[in-house]
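Quick check, what structure comes out for this input:
(one chain, ligands or ions: 1)
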Amino acid sequence: MANAIEKFSDVGGLLRTECPKEPVYCIYPHVYRETARDFLRGFPGRVLYAVKANSDPTVLRLLTDAGIRHFDCASLPEIELIDAIDPDATKYFMIPARIRGAAGTAQEKHGVRHFLVDHLSGLSQLAKEIETSRSVIFARMAVHHESAMEDLSVRFGAQPEEMPRLLRSIRDSGAEPALAFNVGSSVTDPDAYRYSISITKSVLEQLPFRLRLIDVGGGYPKSYPGFIVPHLEEYFRAVAESVGTLPLADNAEVLGEPGRALAAPGMSAVVEVLLRKDNRLFINDGMFGVFWVLRIDGHDRYPVRTYRDSKPLEGATMEFQINGPTCDSTDTLPGLVPLPVDIRPGDYLEFGNIGAYSLTGRTDYNGYYSDRIVTITSPTETPPALQNGNGN
Ligand SMILES: Cc1ncc(COP(=O)(O)O)c(C=O)c1O
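Predicted structure coming up:
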């Protein structure tokens, strides 16, 4: 697939040559490479990137080049996208409700072998579309932990007491049974994994057979201003220690489905200030654009850098409310953002750590939509980051 993405050595250069009127989303390749490398080194098992977090082809290519070989997909288009980028990558179709025929096509045309169900009715539907004897079917268990900013067990997952029956039925269908859970997104306490794996243990102890694959899902958080989370190493340790206590097959493997942790750090959004009204700024992106996830994520802002005349603008700051450009009354970012006191229209803001759940959920509401994605090539340039984070 050709990659015609525009390149700039740094954001200052982008602003100098273009003064862009639309938001520009900046990919920092070296940050994606380092983030993927660190996760692959630290996670005690197979790493499946959750495509929903950021499905931009340049990002996906950077992740595959950095060694990510497995992809958690939620639809046939996501599977097709990964196949087009890397036909040798392994695609997993990890959602319990699918478009009719999608599982069959995924298997026939794209060689998908891993599927997921959370109910007996879903299993019988799936079994009609795929060849179970060459498939692994995960039974998804509902788990919730109070430290998850987003509770993913509300709509998906069988209750722990239903799991032994579901796993036995998967086995009876001729497929290899496996177990998956997803404790949530932006999970702020590594104990959430210890807790979920302890419930997994009680399920596994009721089975007359042993499983080979346990998928502990996503949820590995990032720190944002005012939202500091434990280091990833603590999550990896929690998973490694507690999976070690499970009664599993000899050749067992643990799988993880990170989205945010891989996608967030390597991308920034460069936006222009359109209007200032006292301490309220209006910018050309907002809650219907790349900031949409602030509605649900737990954190309320991103690290930010200001530019005037293509150069970083420093000096005394005060807190500003940031508004998007649309006419909707909810188009206001939830947190107050410290910015230079004399900020004015025509200045630019670069928001960092914005690569996860940003591009994938933006809309063209009111006609505001940018598809301008560029790479920042200088290896010494980095997106705005937390000054006082803990490295995560
Ligand atoms: C099934 C599944 N796997 C993985 C993820 C990725 O989660 P995160 O980005 O929090 O790591 C999600 C997020 O919604 C999910 O639903």
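
For Leu40, give me its contacts.
Listed by Cβ atoms under 8 Å, 6 or more residues apart in numbering, the contact set of Leu40 reads 47, 66-68. (Glycine included, C-beta is placed from N, CA and C.)

Packing partners of the helix or strand where Lys109 lies?
Lys109 is part of helix 102-110, with elements assigned from DSSP states H and E. Taking 3 or more Cβ pairs under 8 Å, 6 or more residues apart in numbering; DSSP states H and E as contact, the helices and strands that helix 102-110 lies on are helix 76-85, strand 90-93, helix 120-129.

Check which residues of that helix are buried.
102-107, 110 (16 or more other Cβ atoms under 10 Å).

Same check on stretch 58-69?
For stretch 58-69, burial by neighbour count (16+ other Cβ under 10 Å) applies to 58-64, 66, 68.

ok so, going back, tell me the mean pLDDT over the helix holding Lys109?
In this model, helix 102-110 carries a mean pLDDT of 98.

Over to stretch 308-315?
Averaging pLDDT along stretch 308-315 gives 95.

Kindly report the residues of this protein close to the ligand.
Taking Cβ under 6 Å from any ligand atom as the contact definition, the chain meets the ligand at 50, 53, 72, 94, 152, 182, 185, 217-220, 257-261, 356.

Report the buried members of those residues.
The neighbour count (16+ other Cβ under 10 Å) marks 50, 53, 72, 94, 152, 182, 185, 217-220, 257-261, 356 as buried among the residues of the chain next to the ligand.

how close does Pro230 sit to the ligand?
According to Cβ to the nearest ligand atom, to the nearest Å, Pro230 and the ligand sit 15 Å apart.

Now for the nearest residue to that residue once chain neighbours are set aside, how many residues are close by?
Nearest residue to Pro230, sequence neighbours excluded (Cβ to Cβ, 6 or more residues apart in numbering): Pro190, at 5.9 Å. Neighbours of Pro190 under the rule other Cβ atoms under 10 Å: 24.

Ok, Gly42 next?
Residues near Gly42, counting by other Cβ under 10 Å, number 16.

rewinding a little: return the member of the contacts of Leu40 nearest to the ligand.
If you rank the contacts of Leu40 by distance to the ligand using Cβ to the nearest ligand atom, Val47 comes first, at 11.0 Å.

Quickly list what the closest one is bridged to.
Beta-bridge partners for Val47, by DSSP bridges, are Gly256.

Just flag the most distant two among the contacts of Leu40.
Greatest spatial distance in the contacts of Leu40: Val47 and Ala66, 10.5 Å, computed using Cβ to Cβ.

Quote the end-to-end distance of stretch 6-25.
Length of stretch 6-25, first residue to last, Cα to Cα, to the nearest Å: 11 Å.

Pull out the buried positions in it.
Result for stretch 6-25 [16+ other Cβ under 10 Å]: buried residues 8, 11-15, 18, 20, 23-25.

what would these look like in JSON lines with distance to Leu120, pLDDT and secondary structure?
Output for the buried residues of stretch 6-25, formatted as JSON lines (distance: Cβ to Cβ, whole Å; pLDDT from 0 to 100; DSSP: H, G, I helix; E, B strand; the rest coil):
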{"residue": "Phe8", "distance to Leu120": "54", "pLDDT": "97", "secondary structure": "strand"}
{"residue": "Val11", "distance to Leu120": "53", "pLDDT": "98", "secondary structure": "helix"}
{"residue": "Gly12", "distance to Leu120": "58", "pLDDT": "97", "secondary structure": "helix"}
{"residue": "Gly13", "distance to Leu120": "58", "pLDDT": "97", "secondary structure": "helix"}
{"residue": "Leu14", "distance to Leu120": "54", "pLDDT": "97", "secondary structure": "helix"}
{"residue": "Leu15", "distance to Leu120": "57", "pLDDT": "98", "secondary structure": "helix"}
{"residue": "Glu18", "distance to Leu120": "56", "pLDDT": "94", "secondary structure": "helix"}
{"residue": "Pro20", "distance to Leu120": "53", "pLDDT": "97", "secondary structure": "coil"}
{"residue": "Pro23", "distance to Leu120": "46", "pLDDT": "98", "secondary structure": "coil"}
{"residue": "Val24", "distance to Leu120": "49", "pLDDT": "98", "secondary structure": "strand"}
{"residue": "Tyr25", "distance to Leu120": "43", "pLDDT": "98", "secondary structure": "strand"}
